[in-house]
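>>> Got a predicted structure here, sequence first:
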Amino acid sequence: MTVSRPRHAEQGDWSCALPLQIVRDVNNALKEKSAERSNPLKIAETIVRRLPDSPILGRVEVARPGFINMFLNPQWLAAQTGEIVQQGADYFRLPLGQGKRVQVEFVSANPTGPLHFGGARNAAIGDTLARLLENSGYEVQREYYINDRGNQMNIFAETLWRRYQQLHGIDVEIPADGYPGAYMIEYARQIQAEQGDSLLSLSDEQAIPRFRELGLEVVTTELSTDLGMMRVYFDNWFSEQSLYEDGTFEHVSTLLREQDDLYIKDDAVWFRASRYLPNSDRDEVFIRSNGEPGYYASDIAYHYNKFITRGFDWVINVWAVDHQNQAARMPAMMKALGLDPERLTIVLYDLVTLRRGGQEVKLSKRSGEMVTMREVLEEVGADAARYLLLSHSNEARIDFDIELAVAQNNENPVYYVQYAHARVSSILRKAQEQGLDWRQADLSLLQHETELTLLHKMLQLPEIVAEAVQRLAPHLLPHYALDLARTFTKFYDACRVLSSDPADAELSRARLQLVQATQIALAHTLELMGMSAPESM
RNA sequence: GCCCCCGUAGCUCAGUGGAUAGAGCAGAGGACUUCUAAUCCUAAGGUCGCAGGUUCGAAUCCUGCCGGGGGUGCCA
């Protein structure tokens, strides 16, 4: 049996369509007994008559064509104010995870340059999912997977080496397929600052591995700093290369070979993915004909490490939609490793197009004119970036307009939400300055429609979090935040909290508790999104 | 060709089997001796891409089509 929240207030706080859903079965059963047929309204009335008494439940109504509409007891609702104030943000936390160990792997962009702005969406989604899970009783690890091996890294290292040589006046060209961006010169300068000209004597064969190492250090430091600007921090930076150094790759290869999952065709080693996927006859390259393991080989070794070596119960990978094909073949890998594919969830999100007042800005890393995440963050700030990137469902594309994001006016919902928190804080601050003490209050005085609506809205927060976790849909948060802020502002508009009239003192104390509860709920929601909760604006 | 995602108000988007499809912004009209007007109130605005189907009930599920984007065996 399910209950849902109806759209219209007169249809109750909770509604149940059970009578409509079961009327057929009921009538079939009655027919067997040759009894008179029933109908949804009758069934609803029967259910309502038998509902047990509950302090939570107020009146219950039957509505055509067979809904049961339930209203919360306003007294109980008002009393929740005190519960929220007492328990703080814990009031809104549900123990969904029960200590399950979950890893969220996100961003994981190639370490060959600064993050472009598309990476910011990945960061926002991944980090917010991690926050949602942490707040729902999961033990969460945030991981960045560093693709520190393979061809792109070599080209990166060679470009860096040439830039370093150029800085010392040596006439060399960067490779034709190299990284032309100016940031590569900046990286070379950093290496020059640390190493001076001591590396100039190296041969190309010596220099490239060395510059791989040095370059990786420079880039990952920069990535970490830039992501920090967005309040995104990783518990672990995992090296792809390490899978080949610690024997994981060898071990997994042996395992698959023993299972007869590998075969040779066209000088390459193939993984028999097709035997694990019922509707596919497609296998995957495991080791390329040039002897290098393909990325799928790394993926298998990596996930062996995640599940078997490190024992995560659940792993979530946040990938851009252009990896959809890769995502589709992950279940084959899981089955080959003897793991339940359900334990791995790939969250796919669509791309971000960046605009500046309608004009599209390209985000390519290989072209020199890219817009980095850092540049955008410096301009719009982490709060606006996170809010706007989160407010669309993962599958939807985003047009991110920088001019709109920085607009400090009512076109921008970011500030509306934060402004509500600032207002709440301002009232509490003022009350404190007046020496008021609202720890004891008669909460049954909270009877105004806007007061009860506000409470009701706060009670929805755990449901929103639960749904966001269940669907891995962080976009529910900004929509809820706006809704909560709006509900508060309507209360603020209708109900005076502080009053100089002593006759209002009791009501004022109750309302101060309500305001404090709102502060807790708003701050918690902002916290889940990784946004700041300003005390004043 | 095949696979995945999207198509909802003028714009940006929620709504993933329930009742009268909702917000924000823009546009129209109104409200400031205020606990912060970065605000509030009112009205207006929709063939939910199109056509079938399943269901008591479909924006939501199924099929086909149209439009946009992405993917499509040795880059990741």
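That came through, no problem.
>>> What parts of the stretch 351-500 of chain A come near RNA strand B?
Contact residues (Cβ under 7 Å from any atom of the strand) of the stretch 351-500 of chain A with RNA strand B: A:351, A:391-393, A:395-399, A:408-411, A:413, A:415-416, A:419, A:422-423, A:425-427, A:430, A:471, A:473, A:475-476, A:479, A:482-483, A:486, A:489-490, A:492-493, A:495-498. For glycine as for every other residue, the C-beta is placed from the backbone atoms N, C-alpha and C.
>>> So which bits of the stretch 101-250 of chain A are right by RNA strand B?
Contact residues, the stretch 101-250 of chain A versus RNA strand B (Cβ under 7 Å from any atom of the strand): A:110, A:147, A:150-152.
>>> on that earlier part again, taking the residues of the stretch 351-500 of chain A next to RNA strand B, please make a PyMOL selection of just the buried ones.
The buried subset of these, as determined by 16 or more other Cβ atoms under 10 Å, is captured in PyMOL by this line:
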select buried, chain A and resi 391+392+398+413+415+419+422+423+425+427+473+475+476+482+489+492+495+497
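>>> The residues of the stretch 351-500 of chain A next to RNA strand B in helices, which ones?
By the criterion of DSSP state H, membership of these in helices covers A:413, A:415-416, A:419, A:422-423, A:425-427, A:430, A:471, A:476, A:479, A:482-483, A:486, A:489-490, A:492-493.
>>> gap between the worst-scoring helix or strand of chain A on mean pLDDT and the chain center?
When the helices and strands of chain A are scored by mean pLDDT, DSSP states H and E, strand A:359-361 comes last with a mean of 75. Distance, stretch centre to chain centre, for strand A:359-361: 26 Å (Cα atoms, centre = their mean, to the nearest Å).
>>> try stretch A:233-248
Distance of stretch A:233-248 from its chain centroid, counting by Cα atoms, centre = their mean, is 23 Å.
>>> Give the buried residues for that stretch.
A:234, A:238-244, A:248.
>>> check contacts around A:Trp237.
A:143-144, A:146, A:220, A:224 (Cβ atoms under 8 Å, 6 or more residues apart in numbering).
>>> where does it land in three-state SS?
strand (DSSP: H, G, I helix; E, B strand; the rest coil).
>>> May I have the beta-bridge partners of it?
Beta-bridge partners recorded for A:Trp237 (DSSP bridges): A:Tyr144.
>>> Among the contacts of A:Trp237, pick out the one closest to A:Gly82, please.
Of all those, A:Gly82 sits closest to A:Glu143, with 40.6 Å by Cβ to Cβ.
>>> List the contacts of the closest one.
A:103-106, A:234-238.
>>> And for the closest residue to RNA strand B within the stretch 151-300 of chain A, the neighbour number?
Per Cβ to the nearest atom of the strand, A:Arg288 is where the stretch 151-300 of chain A lies closest to RNA strand B, at 3.0 Å. Close neighbours of A:Arg288, defined as other Cβ atoms under 10 Å, add up to 14.
>>> Then A:Gly294?
Other residues close to A:Gly294 by other Cβ under 10 Å number 17.
>>> got a list of what it touches?
A:284-288.
>>> cutoff 7 Å now
A:285-288 (Cβ atoms under 7 Å, 6 or more residues apart in numbering).
>>> Could you identify the longest helix within chain A?
Chain A, longest helix under DSSP H: helix A:204-229.
>>> do you know how far A:Gln165 is from A:Ala176?
Using Cβ to Cβ, to the nearest Å, A:Gln165 is found at 16 Å from A:Ala176.
>>> The two - which one has more neighbours?
Neighbours per residue (other Cβ under 10 Å) separate A:Gln165 from A:Ala176, with A:Gln165 holding more: 20 against 7.
>>> I'd say that one and A:Ile174 touch.
No: between A:Gln165 and A:Ile174 there is no contact under Cβ atoms under 7 Å: 9.8 Å.
>>> State the mean pLDDT of stretch A:67-86.
Looking at stretch A:67-86 alone, the average pLDDT works out to 95.
>>> buried residues in that stretch?
For stretch A:67-86, using 16+ other Cβ under 10 Å, the buried residues are A:67-72, A:74, A:77-78, A:80-82, A:84-85.
>>> ok, of these, which one's closest to RNA strand B?
A:Phe67 (3.3 Å).
>>> Which strand residues bridge the closest one?
Under the criterion DSSP bridges, A:Phe67 forms beta bridges with A:Ala63.
>>> quick revisit: let me have the contacts of A:Glu143 in TSV, extended by pLDDT and distance to A:Arg509.
Shown next, in TSV, are the contacts of A:Glu143 (pLDDT from 0 to 100; distance: Cβ to Cβ, whole Å):
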residue	pLDDT	distance to A:Arg509
A:Gln103	98	46
A:Val104	98	43
A:Glu105	97	48
A:Phe106	97	45
A:Phe234	98	45
A:Asp235	98	43
A:Asn236	98	48
A:Trp237	97	51
A:Phe238	97	53
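>>> Give me the contact list for stretch A:526-537.
The contact list for stretch A:526-537 (Cβ under 7 Å, 6+ apart) reads A:127-128, A:131-132, A:135, A:231, A:383, A:386-387, A:390, A:418-419, A:421-422, A:425-426, A:477-478, A:481, A:522-523.
>>> quick revisit: helices and strands around the longest helix of chain A, which ones?
helix A:151-167, helix A:183-195, helix A:373-390 (3 or more Cβ pairs under 7 Å, 6 or more residues apart in numbering; DSSP states H and E).
>>> Go through those helices and pick out the most buried.
Neighbour counts (mean count of other Cβ atoms under 10 Å) averaged over each of these peak at helix A:373-390, with a mean of 22.
>>> Can you check what angle separates it from helix A:204-229?
Angle, helix A:373-390 to helix A:204-229, by axes from the mean of the first three to the mean of the last three Cα atoms, to 10 degrees: 50 degrees.
>>> about what we covered before: now, which of the buried residues of stretch A:233-248 lie within strands?
Among those, DSSP state E puts A:238-239 in strands.
>>> returning to that earlier point: figure out which of the helices and strands packed on helix A:204-229 is closest to A:Ala510.
Ranking these by their distance to A:Ala510 (criterion: Cβ to Cβ) puts helix A:373-390 first, at 31.7 Å.
>>> Please save the CA atoms from stretch A:279-292 in CSV.
Output of stretch A:279-292 as CSV, limited to C-alpha atoms (Å, rounded to 0.1, in the frame of the first residue of the first chain):
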residue,chain,number,x,y,z
ASN,A,279,21.2,-9.5,-25.7
SER,A,280,24.6,-8.8,-26.9
ASP,A,281,27.0,-10.6,-29.2
ARG,A,282,29.7,-8.0,-28.7
ASP,A,283,33.0,-8.7,-27.0
GLU,A,284,35.6,-6.2,-25.8
VAL,A,285,39.2,-5.6,-26.4
PHE,A,286,41.2,-6.5,-23.3
ILE,A,287,44.8,-6.1,-24.6
ARG,A,288,45.2,-4.1,-27.7
SER,A,289,47.3,-5.4,-30.6
ASN,A,290,50.1,-3.1,-29.7
GLY,A,291,50.4,-5.0,-26.4
GLU,A,292,48.9,-2.2,-24.2
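>>> Centre of the chain to the longest helix of chain A, how far?
27 Å.
>>> what's the answer for stretch A:454-463, then?
Worked out by Cα atoms, centre = their mean, stretch A:454-463 lies 20 Å from the chain centre.
>>> The helix or strand hosting A:Ile125 packs against which elements?
Take DSSP states H and E as the rule and A:Ile125 turns out to sit in helix A:118-134. Other helices and strands packing on helix A:118-134, by 3+ Cβ pairs under 7 Å, 6+ apart, are strand A:101-105, strand A:139-146, strand A:314-320, strand A:344-349, helix A:373-390, helix A:461-471, helix A:505-528.
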